[in-house]
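Visitor: Test case, fold it:
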Amino acid sequence: MSLAPATESVMAQVTIAGESIPRVELAPVAVDLLRSLWDEHGPLMFHQSGGCCDGSSPMCFMAGEFITSDQDVLLGRLDIAPSGAPEQVIDFWMSAEQFAYWSHTFLTVDVVPGRGSGFSAEAPRGVRFLIRSRLMETEVPFA
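Guide: Numbering: from 1, shown residues only. Reported below is the predicted structural model:
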């Protein structure tokens, strides 16, 4: 089934208790890539660890392939399904340590040419996910 390319970004549902402002969105090109990866692999998830090199890029895994713990923060849930289709929700996780540094930023997941980590689902396609960040428009508490 061929879908028209996404023309709008997808905003995450808020998942952090006490917050009302989303922290993550997907650029339209990321939505298109994720729909294709979902068709190939099934449900997906993101994890942003922070470290050096590829650790500073968001990693896309098959849902459940990367085990999260209380050392991770669920920043948002992103539904990539086209309008009227069943939900295709992708959780976006970040290590708690990294979140302590990025707690005042809003993240946009984008796609650029190049090779990222061999562990991320998009790696064989010659592209990689990239985070673009900006300051949150409103101060949000983090416990």
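
Visitor: Helices of this structure, start to end?
Guide: Residue ranges of the helices in the chain, as given by DSSP state H, are 28-41, 96-102.

Visitor: so which of those is the most packed in?
Guide: For these, ranked by mean neighbour count under the definition mean count of other Cβ atoms under 10 Å, the leader is helix 28-41 at a mean of 18. The way it works is simple: take the backbone N, C-alpha and C, and place the C-beta from them, glycine included.

Visitor: Distance to residue 133 and mean pLDDT added to the helices of the chain, as a markdown table?
Guide: As requested, those are arranged in a markdown table below (distance: least, Cβ to Cβ, whole Å; pLDDT from 0 to 100):
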| stretch | distance to residue 133 | mean pLDDT |
| --- | --- | --- |
| helix 28-41 | 14 | 97 |
| helix 96-102 | 7 | 92 |
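
Visitor: Determine which of those helices approaches residue 108 most closely.
Guide: Closest to residue 108 of the helices of the chain, according to Cβ to Cβ: helix 28-41, at 8.3 Å.

Visitor: thinking again about what came up before, quick one: the helices of the chain as a markdown table, columns for distance to residue 81 too.
Guide: Conversion of the helices of the chain to a markdown table gives the following (distance: least, Cβ to Cβ, whole Å):
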| stretch | distance to residue 81 |
| --- | --- |
| helix 28-41 | 8 |
| helix 96-102 | 27 |
